[in-house]
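Chemist: what follows is a predicted protein model with its sequence.
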Amino acid sequence: MTRSRGSRRPRRSRRRQHRRTEQLVLAALAATCVLGLVAAVLRWLSAHPWTVVVAVAAAAAAGGAWLWHRGEAARWDRVRASGLRYALGQLDGLHHRAFECAVRDLMRRDGCADARQVGGRGDNGADVKATDPYGRRWVIQCKHRKDGWAGKPVGTPDLHVLNGTGRQVHGGDVLVMLTNGRITANAADFARSQRLHLVDRHLLAEWAAGSRPLWTLLRPPPPPGRRINR
């Protein structure tokens, strides 16, 4: 004898109702256990109030220690940055992305707290951006050459990208082409005509191994800006 579908539905409905009832009972038991545990903890704390004071003091001490260590780490970061130096051999041996990060760190050493490495796919001709203490916005394009001075020179086409995006896209006040290699004479002429600044291997060596900010080494110097109090 075949049972009708209608006879199955009430059984399924009763099963679902039974499951819901079990779930509610389990939830109620769990809530009762939690409340009981909370009540027991509160009773114990009321009988031992000194533990609350100890816990608060320990938390305060841990928070103070964390803040102190954080401040010390930041202070030592500033100390290390202030004495940052690179030799040309170090820069030559870097990956091109690490080379950009080294330029970023040198800008930070010189007081550009917001200096950041932005090079990568779709960077629109900017590898490092920074704001100096005089409020000037720097846009730096980096060209790393594994062979240094003997590597492929930076030419006029490389400068076209920086010249086309440095001011219009990135809002730069000082546009710099920087390389650990050499720059062609035609590129140097183009840079002068477009108010672009060049840093070749010789100038990079002086900047990276010394302590003077880059803007004091460039010729002609960047236009003046308004000093920012940091």
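Modeler: Looks like it arrived, so ask away. Numbers count the residues shown, from 1 in each chain.

Chemist: could you chop the chain up by domain?
Modeler: Domain assignment of the chain by automatic domain parsing yields the ranges 5-81, 88-216.

Chemist: check which residues of stretch 141-154 are buried.
Modeler: Neighbour counts using 16 or more other Cβ atoms under 10 Å place 141-145, 148, 151, 153-154 of stretch 141-154 among the buried residues. The C-beta positions use only the backbone N, C-alpha and C, and glycine is treated the same way.

Chemist: same thing with stretch 113-130?
Modeler: 115, 117-119, 123, 125-130.

Chemist: surely residue 85 is in a helix?
Modeler: No - going by DSSP: H, G, I helix; E, B strand; the rest coil, the assignment for residue 85 is coil, not a helix.

Chemist: quick one: the closest residue to it other than its chain neighbours from residue 48, how far?
Modeler: Spatial nearest neighbour of residue 85, chain neighbours left out: residue 209 (5.5 Å); criterion: Cβ to Cβ, 6 or more residues apart in numbering. With distances taken as Cβ to Cβ, to the nearest Å, residue 209 is found 64 Å from residue 48.

Chemist: those two: which has the busier surroundings?
Modeler: residue 209 (13 against 10; other Cβ atoms under 10 Å).

Chemist: state the distance from the more buried one to residue 145.
Modeler: Distance from residue 209 to residue 145, by Cβ to Cβ: 18 Å.

Chemist: check residue 133 too.
Modeler: Taking Cβ to Cβ, one finds residue 133 at 30 Å from residue 145.
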